[in-house]
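Undergrad: Only the shape, not the letters, is given here:
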C-alpha cells in the first residue's frame, strides 16, 4: 500500500523479536523486503529486541503501528487458486490487535 501511490515515507523503523526457531528464514525474508523497498527509495531499518511483545513499525512521517501477534497475521489460503492468494485484502486474518497512532499523540519518554 505504501508503494501504490504518492507517499512521503522514506524510512521505516521495524522493532521485532528474533524468531529463534526460524531465525534464518526470518532474517532472509526481512532482508528481501529491505532490498525491495530500496528500489523505491524507502529505507527499512531493522531492530531486534528480546524483551518486547508487540511488534512496532514507525514511519518517518510520524505514524506508528503496533501489532499484537507479530507481522504474520494473515491466514494462508487453501491453494494458489483460492480467493486471497494474491490479494491480501481478501484474506482472513488471525485474531490480533493493531494499534495505529501518530507520534504527536504520544508522550516523549
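TA: That came in fine, so what should we check first? Computed from a prediction, not measured in an experiment: that's the story for all the values here. Numbering: from 1, shown residues only.
Undergrad: OK, contacts around residue 25?
TA: Contact criterion CB atoms under 8 Å, 6 or more residues apart in numbering gives residue 19 as the residues in contact with residue 25. In short, each C-beta sits where N, CA and C put it, glycine included.
Undergrad: What backbone torsions are found at it?
TA: Here is the backbone geometry of residue 25 (degrees, to the nearest 10): phi -70, psi -40.
Undergrad: Which pLDDT value belongs to it?
TA: At residue 25 the predicted local distance difference test score is 90.
Undergrad: what do you get for the one 5 residues further on?
TA: In the predicted model, residue 30 carries a pLDDT score of 92.
Undergrad: Identify all residues paired with the closest residue to it other than its chain neighbours through a beta bridge.
TA: Ranked by CB to CB, 6 or more residues apart in numbering and with sequence neighbours excluded, the top spatial neighbour of residue 30 is residue 46, at 5.7 Å. According to DSSP bridges, the partner residues bridging residue 46 are residue 14.
Undergrad: Residue 46 reaches residue 17, doesn't it?
TA: No - at 11.6 Å, residue 46 does not count as touching residue 17 under the criterion of CB atoms under 8 Å.
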